[in-house]
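1. Here is the input, now give the coordinates:
(one chain, ligands or ions: 1)
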Amino acid sequence: MPTNALPSPDSPSGEPGIVRKVSYVSLGCPKALVDSERIITRLRAEGYELTRTHAGADLVLVNTCGFLDSAKAESLAAIGEAMAENGKVVVTGCMGAEPDAITERFPNVLAVTGPQQYESVMEAVHRAAPPAHAPFVDLVPPQGIKLTPRHYAYLKISEGCNNRCSFCIIPKLRGDLVSRPAADVLREAEKLVAAGVKELLVISQDTSAYGVDLKYAASVWRDREVRAKFLDLSSALGEFGVWVRLHYVYPYPHVDEVIPLMAEGRVLPYLDIPFQHGATSVLQRMRRPGAQEKTLQRIARWRELCPDIALRSTFIVGFPGETEQEFEELLAWLDEASLDRVGCFKYEPVKGAPANDLGAAVPDDVKEERWHRFMQRQQAISARRLKRKIGTRQQVIIDAIEGGIARGRSKADAPEIDGSVHVVSRRPLRVGEIATVKIERADAYDLHGTAVGF
Ligand code: SF4
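-> Below you'll find the predicted structure:
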């Protein structure tokens, strides 16, 4: 059967002969990227061809992000560009939860669907550019289509969130926590590993809450039962023998249970925990766990159990009502916690977030000034922690080769958000390979070294 026997553009039911082309824009966080991958996998399964340019495509799909006002503005700009260059546009993703904001600006978009509404997206595509009668499933590799490089992949274990952080509208957009059964996640992981993936990046809105909605129900995986529980799933993923990195872990006490898995080398010694602030009073207004003194003790304990653990976090400065004293508390906490990698956002009043009414808005110039002070303080901490790696040997996964120098990441660096390791090597390295690298130099964010062991 010819794989290009696809629908004609004029036939509503889709006749053989013409390949339909879809151009795709994916904005937002890794969770949105996973949604994009699912949609693209479906499109490819039905014989659509993906194209990088809007002009000449049968339609453009825009997966939007609606978390912050700046993300909304970026989404609207992407829709505007797609309308100007093509004119047939389907919008999906977080901003789709507020269709009026889109249709007021762009009344001629073909359809607006919300996050994870895969069926509605496919219906809109079918209406605008009908598919072939029979889907050509064999166009799709069993692991689906990945938008990330082949050697790493995001693994989404749940949707939605049961927390109600006052600055966040994600539960409103995406609903309460819905976890995938453990066997389902493990089957996907198995396919990815079989396809050559060397690093699995576990994501969700709240990874440590995994399975709460399922009451931790077990499902059958390779003749045994695996509970839908953070610890059990992490342990089972560790059996694939690839790097497993845990993202978006909420600081619940039971997170402590996975640290021994890290010490044993089953999952990467890396925790991405958005702490958001260091002052208990601000955390209370944020409606997040507030015992930061205890958190410091827990961090110290994690480091005792697993000295190599890398801690990444994000913070918000300029939260409504944040006083200079609260900000100073945050800086002091930061010094004490001595985290490896840190991101910082200036508070933005997201429409519909309760936080907007919880205190006086911090003026923009104060937010800006605090952000700089915060970044300066953390930069010194990160640089100090990186420096300790000089002279050590690190496993480095190679992401790219640029001008004869390989760029990769150590176990302490997640793609996109953390630093890199720049590697010189006598033998040419390949993308996706894991090399042993002797670290010779460190700068504010990155490490530099030479591949050894051959
Ligand atoms: S845990 Fe994350 S997704 Fe859930 S409400 Fe808080 S910030 Fe939003």
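2. Give the burial count for the residue nearest to G56 when sequence neighbours are not counted, as a bare number.
-> Spatial nearest neighbour of G56, chain neighbours left out: K21 (6.8 Å); criterion: CB to CB, 6 or more residues apart in numbering. The way it works is simple: take the backbone N, C-alpha and C, and place the C-beta from them, glycine included. K21 has 16 neighbours, counted by other CB atoms under 10 Å.
3. For K21, list the residues it contacts.
-> 48-51, 56-58 (CB atoms under 8 Å, 6 or more residues apart in numbering).
4. interface residues of this structure facing the ligand?
-> 161, 163-165, 168, 170-171, 205-206, 250 (CB under 6 Å from any ligand atom).
5. let's go with 5 Å and repeat that
-> 161, 163, 165, 168, 170, 205-206 (CB under 5 Å from any ligand atom).
6. so who does H54 touch?
-> 23, 60, 81-82, 85-86.
7. Just confirm it is within a helix.
-> No: secondary structure of H54 (DSSP: H, G, I helix; E, B strand; the rest coil): coil, not part of a helix.
8. What score does it have for pLDDT?
-> Note on H54: pLDDT of 91.
9. Give me the contact list for the longest helix anywhere in the chain.
-> Across the chain, the helix with the greatest residue count (assigned by DSSP state H) is helix 364-387. Helix 364-387 has contacts (CB under 8 Å, 6+ apart) with 315, 317-318, 322, 327, 330-331, 334-335, 338-342, 344, 346-347, 362, 419, 442-447.
10. among those, which are in helices?
-> 327, 330-331, 334-335.
11. Can you select the buried ones from these in PyMOL?
-> The following PyMOL line selects those of the ones in helices among the contacts of helix 364-387 that are buried, judged by 16 or more other CB atoms under 10 Å:
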select buried, resi 327+330+331+334
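12. which residue ranges form the helices in the stretch 51-200 of the chain?
-> Taking DSSP state H, counting those that start in this stretch, the helices of the stretch 51-200 of the chain run over residues 69-85, 99-105, 118-128, 170-174, 182-194.
13. for the third one, packing partners?
-> Spelled out, that is helix 118-128. Under the contact definition 3 or more CB pairs under 8 Å, 6 or more residues apart in numbering; DSSP states H and E, helix 118-128 sits against helix 30-45, strand 59-64, strand 89-93, strand 111-112.
14. by how many degrees do that helix and strand 59-64 diverge?
-> Angle between the axes of helix 118-128 and strand 59-64 is 160 degrees (criterion: axes from the mean of the first three to the mean of the last three CA atoms, to 10 degrees).
15. repeat for the first one
-> For helix 69-85 against strand 59-64, the angle by the same axes, to 10 degrees is 170 degrees.
16. Identify each buried residue in helix 69-85, please.
-> 71-72, 74-76, 78-79, 82-83.
17. Looking at the contacts of K21, state which has the most neighbours.
-> Y48 (27 neighbours).
18. Just confirm that residue contacts Y24, I think it does.
-> No: Y48 is beyond contact range of Y24, at 10.0 Å (criterion: CB atoms under 8 Å).
19. Pick out the residue of the stretch 1-150 of the chain closest to the ligand.
-> F67 (9.0 Å; CB to the nearest ligand atom).
20. Assumed S219 was part of a strand.
-> Yes: counting by three-state DSSP, one finds S219 located in a strand.
21. related to what we said a few turns ago, now render the residues of the chain next to the ligand as JSON lines, adding neighbour count.
-> Shown next, in JSON lines, are the residues of the chain next to the ligand (neighbours: other CB atoms under 10 Å):
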{"residue": "C161", "neighbour count": "23"}
{"residue": "N163", "neighbour count": "16"}
{"residue": "C165", "neighbour count": "21"}
{"residue": "C168", "neighbour count": "22"}
{"residue": "I170", "neighbour count": "22"}
{"residue": "Q205", "neighbour count": "21"}
{"residue": "D206", "neighbour count": "22"}
